[in-house]
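S.K.: Quick check, what structure comes out for this input:
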Amino acid sequence: ELLKGPLYYACTITLTTVIFWRTSPISIAVICNLCAGDGVADIAGRRFGRVKLPHNPDKSYAGSIAMFFAGFIASILFMCYFHLFGFVEQSWTMVAAFCVTSLAAAIVESLPVSTLLDDNLTTSIASALVGGLVFYYVGGGGGAGSGVGSSILATAAMVFAGSS
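M.R.: Okay, the predicted model is just below:
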């Protein structure tokens, strides 16, 4: 546990930064749900989590609710911050997309599979996949030429340019 959790945490932050960096709201969703959401869920679950979830007795309602709200609020705050620099758009559509992504991360974190696999891994994957779908659907991305596709292409071009 001491090795897997921090390793998945560091790998998730590094991979998200390399692939999405500043121009994709997916990066905001993944990092905020992992850092703020999962962190606050642990604290709230230990402190106030007397009532356990029926499908997973290792998790509590308090922790799951705290994860959703902390990830969601942190995502909105980061959206506002990155919007100041023109990296992402700021709209109610983006807020709704962050809400859906944070809800999906909280649901996945509450599942029993999160005790078999590390929840740092499962919540990050859920945030990236659901965020990718939701933000693609709503067209959120950021500045001109940003988004998942251009971020991946830019990363690939940078990697291959350095290898020639």
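S.K.: how far away is D119 from M79?
M.R.: Using C-beta to C-beta, to the nearest Å, D119 is found at 24 Å from M79. Backbone N, C-alpha and C define where each C-beta goes, glycine included.
S.K.: What is the burial count for R22?
M.R.: 16 (other C-beta atoms under 10 Å).
S.K.: Do I have it right that it meets F87?
M.R.: Yes: R22 lies in contact with F87 (C-beta atoms under 8 Å); the separation is 4.4 Å.
S.K.: Can you name the residues that contact P112?
M.R.: Residues near P112 by C-beta atoms under 8 Å, 6 or more residues apart in numbering: 55-56, 58.
S.K.: same thing but 7 Å
M.R.: P112 makes contact with 55-56, according to C-beta atoms under 7 Å, 6 or more residues apart in numbering.
S.K.: Give me the phi and psi angles of it.
M.R.: Torsion angles at P112 (phi, psi; degrees, to the nearest 10) stand at phi -60, psi -20.
S.K.: Show the pLDDT at I19.
M.R.: Model confidence at I19, given as pLDDT, is 87.
S.K.: How many residues are close by it?
M.R.: 17.
S.K.: Ok, V88 next?
M.R.: Neighbour tally, V88, other C-beta under 10 Å: 26.
S.K.: wait, it sits on F82?
M.R.: Yes: counting by C-beta atoms under 7 Å, V88 touches F82, with 4.7 Å between them.
S.K.: so where do the strands sit in this protein?
M.R.: Under the criterion DSSP state E, strands of the chain are mapped to 52-53, 56-60.
S.K.: okay, those in CSV with distance to A74 next?
M.R.: Shown next, in CSV, are these (distance: least, C-beta to C-beta, whole Å):
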stretch, distance to A74
strand 52-53, 23
strand 56-60, 20
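S.K.: As CSV, these with mean neighbour count and distance to I31 would be great.
M.R.: Below are the strands of the chain laid out as CSV (neighbours: other C-beta atoms under 10 Å; distance: least, C-beta to C-beta, whole Å):
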stretch, mean neighbour count, distance to I31
strand 52-53, 16, 25
strand 56-60, 17, 22
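S.K.: Need these in TSV (columns: mean pLDDT and distance to G139).
M.R.: Below are the strands of the chain laid out as TSV (pLDDT from 0 to 100; distance: least, C-beta to C-beta, whole Å):
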stretch	mean pLDDT	distance to G139
strand 52-53	96	35
strand 56-60	93	34
